[in-house]
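Q: Pasting a predicted model and its sequence here:
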Amino acid sequence: MLPGKAQSTAPLGPVYIVQEGDSLWDIAYRFHVSQTELAAINGIVDANQISIGQALTIPGLEGISGVLTTQNVPYGETLQSLSLRYQIAQQALKKLNHITSPSELYAGFSLVVPQNDISPALGKRVSLHPGESLLELAIINQTNPWTLLSMNDQASSSGLLPGEVLRAPGEDDGIAGALPPAITSVDITGLIQGQTAEIEVRGQAILGMSGGLMDHTLNFFSDDENGYIALQGVHAMAEAGLYPLSIQGSTSDGSTINYAQMVVVKAGDFAYDRSLPVDPATLDPETNRVENELWAASSSPVTPEKMWDGALYLPVDPVFAQCYSSKFGNRRSYNGGEYLYFHTGLDLCGQIGDPIYAAAPGTVVFAEPLTVRGNATMIDHGWGVFTAYMHQSEILVSKGDHVEEGQLIGKVGNTGRVEGPHLHFEVIVGGIQVDPLAWLDQEYPLTLDDHSPP
């Protein structure tokens, strides 16, 4: 990128000031325009020849002027709340962002807004309860209906709905404007194919939380008096794109929490294994169906006690710590067939008879021989988190046993659908297999400092 240079002519419309690290493609993507249009209106021949500090005219925004910037939309904002936050009319916001439907404002959306160094004080969040009038809400908050209407850019109360979040005189907490007043933050991480999504909701006097993501029920558990956390696996073969994330709950004063918004699930990065020669009997569709249903049923109960602490323990001898014959998510073909499968776990090196250890404390919920998985063990660690150990030569625990981290539970083998001896190690979260390497490398739930916008 070149040093900045002055523009010789006045811009034709709203402009964006090029920042360090920007590329023409990045800018076009963030402003929802094509790179070709952006280059043409700015007379750019070489996409690499843009300069820090250069003012680029953004096409397709006739009638709008000024300097523009972009902000990622956090979970909990609507067109109405964003209009108030950035002090711009909803129609202008729609035009700036080419929005035709409110559902397009998903969490993580790159929102185009006028640059403003002064953030307005919006007031405190209040909620209109069912059966409550605007006058009653005003009295409770020691103000009047006209002030509430003015603060929320409303011409009348006729369009206000029960449960709608409004602003009232008081301290602005800086929280996303459409989240119910009881919530102080919603942090979301891990929305990537094959990873563990973590949803953390914090607030005041919340009695319970529930929710849903990608057609899965979210199981929330209290981490302390003001926080709830749900862990949910994202399927490695799920289509990247937009999915609804909903949260529901109740508070000690009898009010309810109910909010939903689209979130982005990003694509993972998976390799293709060579086509593996295996026993054709292990590919029988009916055998696989029955076994998969049994496997899913074993990992479906949700135990409220969290039994693990820290990153998972390596389930094989440390000498094999970096020895993987196949990683999670790799696309799979068998006996020269199509790539219709994915690798549901991590294959750790080992020889027949080598020890297998429990990755964390828990309760054994499955310990039997299977056709595809061979001699298999599954352990429940609570909160909907399970680990599984397959292809063993010998199972050394029984269903119902409590095991401790590092306890000997079996021996490496080559039973089931295998090409040779190894340990197939799975981590299952919310009924979905996720990348075991992530759980071996870091602690779940993540600490608050590790959270980042979706």
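A: In hand now; what should we look at?

Q: tell me the domain ranges of the protein?
A: Domains of the chain are assigned by automatic domain parsing as 15-114, 124-168, 183-265, 280-441.

Q: possible to save the ones you listed as TSV with distance to A271, mean pLDDT and mean neighbour count?
A: To be clear about C-beta, it is placed using only N, CA and C from the backbone, and glycine gets the same treatment. Shown next, in TSV, are the domains of the chain (distance: least, CB to CB, whole Å; pLDDT from 0 to 100; neighbours: other CB atoms under 10 Å):
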stretch	distance to A271	mean pLDDT	mean neighbour count
domain 15-114	26	90	17
domain 124-168	45	90	15
domain 183-265	12	92	19
domain 280-441	5	96	19
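
Q: Quick one: the ones you listed as JSON lines, columns for distance to R274 too.
A: Formatted as JSON lines, the domains of the chain follow (distance: least, CB to CB, whole Å):
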{"stretch": "domain 15-114", "distance to R274": "34"}
{"stretch": "domain 124-168", "distance to R274": "54"}
{"stretch": "domain 183-265", "distance to R274": "19"}
{"stretch": "domain 280-441", "distance to R274": "8"}
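
Q: Go through those and name the closest to A176.
A: domain 15-114 (3.0 Å; CB to CB).

Q: ok now that closest one, how far from the chain's centre?
A: 24 Å (CA atoms, centre = their mean, to the nearest Å).

Q: mind listing what the closest residue in space to Y272 that isn't next to it in sequence touches?
A: By the measure of CB to CB, 6 or more residues apart in numbering, the closest residue to Y272 outside its immediate chain neighbours is R331, 4.7 Å from it. By CB atoms under 8 Å, 6 or more residues apart in numbering, the residues touching R331 are 270-273, 339, 341-343.

Q: can you tell which of the domains of the chain is closest to G177?
A: Among the domains of the chain, the nearest to G177 by CB to CB is domain 15-114 (2.9 Å).

Q: distance between the ends of the closest one?
A: Terminal residues of domain 15-114 lie 10 Å apart, using CA to CA, to the nearest Å.

Q: which pair in the contacts of R331 spans the largest distance?
A: A271 and Y341 (13.4 Å).

Q: Just say helix, strand or coil for V186.
A: Three-state call for V186 (DSSP: H, G, I helix; E, B strand; the rest coil): strand.

Q: Any idea what it is bridged to?
A: Applying DSSP bridges to V186 gives these bridge partners: V201.

Q: how close does it get to I175?
A: 9 Å (CB to CB, to the nearest Å).

Q: what does E77 give?
A: Here E77 is placed at a distance of 10 Å from I175 (CB to CB).

Q: now I118
A: 19 Å.

Q: who's more crowded, these two?
A: Neighbours per residue (other CB atoms under 10 Å) separate I118 from I175, with I175 holding more: 20 against 6.

Q: so what's the residue nearest to the spatial centre of the chain closest to, chain neighbours aside?
A: When CA atoms, centre = their mean is applied to the chain, the residue found nearest the centroid is L191 (2.8 Å). Nearest non-adjacent residue to L191, counting by CB to CB, 6+ apart: V265, 5.0 Å away.

Q: you'd agree that neighbour is up against H235?
A: No - using CB atoms under 8 Å, V265 is not in contact with H235, being 9.3 Å away.

Q: quick one: common contacting residues for these two?
A: By CB under 8 Å, 6+ apart, the residues touching both V265 and H235 are 193, 214.

Q: got a list of what the nearest residue to Q351 once chain neighbours are set aside touches?
A: With sequence-adjacent residues excluded and distances taken as CB to CB, 6+ apart, Q351 is closest to P421, at 5.6 Å. For P421, the contacting residues are 350-352, 391, 393, 412-414, by CB under 8 Å, 6+ apart.

Q: 10 Å - rerun?
A: If you count contacts by CB atoms under 10 Å, 6 or more residues apart in numbering, P421 has them with 325, 349-354, 391-393, 411-415.

Q: Span of stretch 347-364 from start to end?
A: Stretch 347-364 has its terminal residues 21 Å apart, counting by CA to CA.

Q: Please shift the residue numbers so they start at 519 in all later answers.
A: From this message on, residue numbering opens at 519, which makes the last subject stretch 865-882.

Q: Distance from the chain centre to it, please.
A: 30 Å.

Q: quick one: the helices in this structure?
A: Using DSSP state H, the helices of the chain run over 542-548, 553-559, 597-603, 608-615, 652-658, 663-669, 803-816, 954-959.

Q: so how far is the longest one off the chain centroid?
A: Computed by CA atoms, centre = their mean, the separation of helix 803-816 from the middle of its chain amounts to 28 Å.

Q: Would you mind measuring from the residue nearest to L709 to L760?
A: From V783 to L760 the distance is 8 Å (CB to CB).

Q: OK, contacts around the closest residue to Q598 other than its chain neighbours?
A: Among residues not flanking Q598 along the chain, Q608 sits closest, at 6.8 Å (CB to CB, 6+ apart). Q608 is in contact with 596-598, 600-602, 617, 620, 671, counting by CB under 10 Å, 6+ apart.

Q: Most widely separated two among the residues you listed?
A: I617 and D671 (17.1 Å).

Q: Am I right that G721 is in contact with N744?
A: Yes - between G721 and N744 there is a contact under CB atoms under 10 Å: 6.5 Å.

Q: how about L941, what does it touch?
A: 833-834, 838, 843, 863-868, 872-875, 907-910, 928-931.

Q: hmm, 6 Å instead?
A: With CB atoms under 6 Å, 6 or more residues apart in numbering as the criterion, the residues that contact L941 are 834, 866, 868, 874, 930.
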